[in-house]
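>>> Based on what follows, work out the 3D shape:
(one chain, ligands or ions: 1)
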Amino acid sequence: MPQLPLPLEWPDTHNVQDHQRERAELEARYAPRLRYALEWAQWVSYVGNRDVPGLRLYRYKEAFSYKLVRQFLRRLGPDLPTPLVLDPFMGMGTTPFAAMRNGFPSAGVDRLPVAVAVAEGLLALLRLQPGQLLETFRLLRRNLSSFPPAPIADDVRIVRLAFPEEIREHLQRWKSAVDTLESPLREAFLLLFLSILEPCSQTAKDGQFLRLRPDKPIPSPDEVLKQQVTRAEEDVRFFHRVRSQERWGPPPSLWNGDARNLRSFLPKETVGFIITSPPYANRYDYTRTYSLELCFAFVRNFAELRDLRHSVLRSHIESRLNADEKPPHPAVEEVEKALAGKQLNNPKIPAMLRAYFVDMEAVVREMYRVLAPGGWVVMVVDNVRFEGEMVPVDLILSDLAERHGLHASEIWIARFKGNSSQQMRKYGRKPVRESILLWQKPA
Ligand SMILES: C[S@@+](CC[C@H](N)C(=O)[O-])C[C@H]1O[C@@H](n2cnc3c(N)ncnc32)[C@H](O)[C@@H]1O
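Numbering: from 1, shown residues only. Here you go, the predicted model:
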């Protein structure tokens, strides 16, 4: 593949400057374990879920695809020391959902209640009879005016600006109507309700932020919800058809929890396979991207939203660093020093990077604790680049994993991401890896 860029950032360690030495040595040490796996590019993003029944109903942009999980279960699943599959950053629940459909017991954890609700909604669909959703939709719609507007966190600015008043009130009535339902209809309808908030608002999820789009035309919430109900009905019928042909595993356990500390959920050495993708060190703030959903269903006011923001993994710019927290890896320290001399567009980036790796080291420790000997971790991560400084997240995490007793056996490069046009102008084009890490706990 001659047209491809080399996977190594610094192929020649003798020829690097001091401020790059740690990273260059890391690249050299892990070079034999790096390999191209560009055929996986289509599966590391949520785009691969567009046609997957259930998963297609919610646009969780940070998700990876059903097929990625299925492929790894097929490859490594037969030889696991114990069958339990875990995703400690489950997002919309792609991993537990795929594990279940492929015959494995599984568990999923996410700190964001929206994510847990979406994952629970998907599982609820599997417990419904064809026709139930449509019938319930018609009933609720007929009586909608009798439901009072549900309380929402309307002291959050974006929520006030996101909807014309009558649309917001209408959606609040729908939320009250959904709250009256019994399980599993309630969880399924909550998923569908959450899925229409962004389309029915003057906002758009856009990487780091939820952006206001005042000119965006707003469709009728009832019509959008009806479309979603119709799609969900198709999926319920699909699941009824395939259920008898597939060997499903038991329903997954889903928890609203913290990947840095899984002690209340999982005793040691109980998990055979961790398939996951943590937040990337790219400043994205999930509590902003999903603020409409959070404010309609999970937080009562701005203070609760802010508390949630400070309880997630510290991958965003408002992350707070404690005074006693040191860089957990020399390459992190090196990046911090390199950035110190630069004009950053946000001065908090170095603190965020340190906090990110401190948190991810805690996650690695937990992974080691819960994995049974011989168990595997498959983790999708992005490298990042700030002011021309490359942060090899894939290698730093793999090195931390090795320090904590895991064997970082392979690093697959699934795709290269571009740089912002600003970085390219200033520092030239340097492809940034998105990688799949394969680690194993020694047997
Ligand atoms: C890249 S997404 C994972 C997406 C998932 N693979 C899917 O297919 O939907 C990362 C997830 O980590 C969650 N998260 C952030 N901090 C967390 C923490 N401390 N513990 C557990 N989950 C966390 C975010 O809410 C987000 O859903």
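
>>> what about residue 399, how many neighbours?
Residues contacting residue 399 under the criterion other C-beta atoms under 10 Å number 18. Any C-beta I mention is one placed from the backbone N, CA and C, and that applies to glycine too.

>>> Quick check: residue 112 touching residue 287?
Yes: with contact defined as C-beta atoms under 8 Å, residue 112 counts as touching residue 287 (7.3 Å).

>>> Stretch 287-295 and the ligand, are they touching?
No: Stretch 287-295 does not reach the ligand (C-beta under 6 Å from any ligand atom); its nearest approach is 8.0 Å.

>>> Send me that stretch as PDB with only the CA atoms.
This file holds the C-alpha atoms of stretch 287-295, laid out as PDB (Å, rounded to 0.1, in the frame of the first residue of the first chain):
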ATOM      1  CA  THR A 287     -23.200  16.900  28.800                       C
ATOM      2  CA  ARG A 288     -23.400  19.700  26.300                       C
ATOM      3  CA  THR A 289     -24.000  17.600  23.200                       C
ATOM      4  CA  TYR A 290     -26.900  15.800  25.000                       C
ATOM      5  CA  SER A 291     -28.100  18.800  27.100                       C
ATOM      6  CA  LEU A 292     -31.600  18.800  25.600                       C
ATOM      7  CA  GLU A 293     -32.100  15.200  26.400                       C
ATOM      8  CA  LEU A 294     -30.600  15.700  29.900                       C
ATOM      9  CA  CYS A 295     -32.800  18.700  30.600                       C
END
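
>>> for the ligand, what are the nearby residues on the stretch 101-250 of the chain?
Contact residues, the stretch 101-250 of the chain versus the ligand (C-beta under 6 Å from any ligand atom): 109-112, 115.

>>> In helices, which of those appear?
residue 115 (DSSP state H).

>>> a markdown table for the residues of the stretch 101-250 of the chain next to the ligand, including pLDDT and neighbour count?
Below are those laid out as a markdown table (pLDDT from 0 to 100; neighbours: other C-beta atoms under 10 Å):
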| residue | pLDDT | neighbour count |
| --- | --- | --- |
| 109 | 98 | 24 |
| 110 | 98 | 26 |
| 111 | 98 | 21 |
| 112 | 98 | 23 |
| 115 | 98 | 26 |
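
>>> The residues of the stretch 101-250 of the chain next to the ligand: which two are farthest apart?
109 and 112 (10.5 Å; C-beta to C-beta).

>>> helix/strand/coil for residue 416?
Secondary structure, DSSP: H, G, I helix; E, B strand; the rest coil: residue 416 is strand.

>>> Does it touch residue 435 like I think?
No: contact between residue 416 and residue 435 fails when scored by C-beta under 8 Å: they sit 10.1 Å apart.
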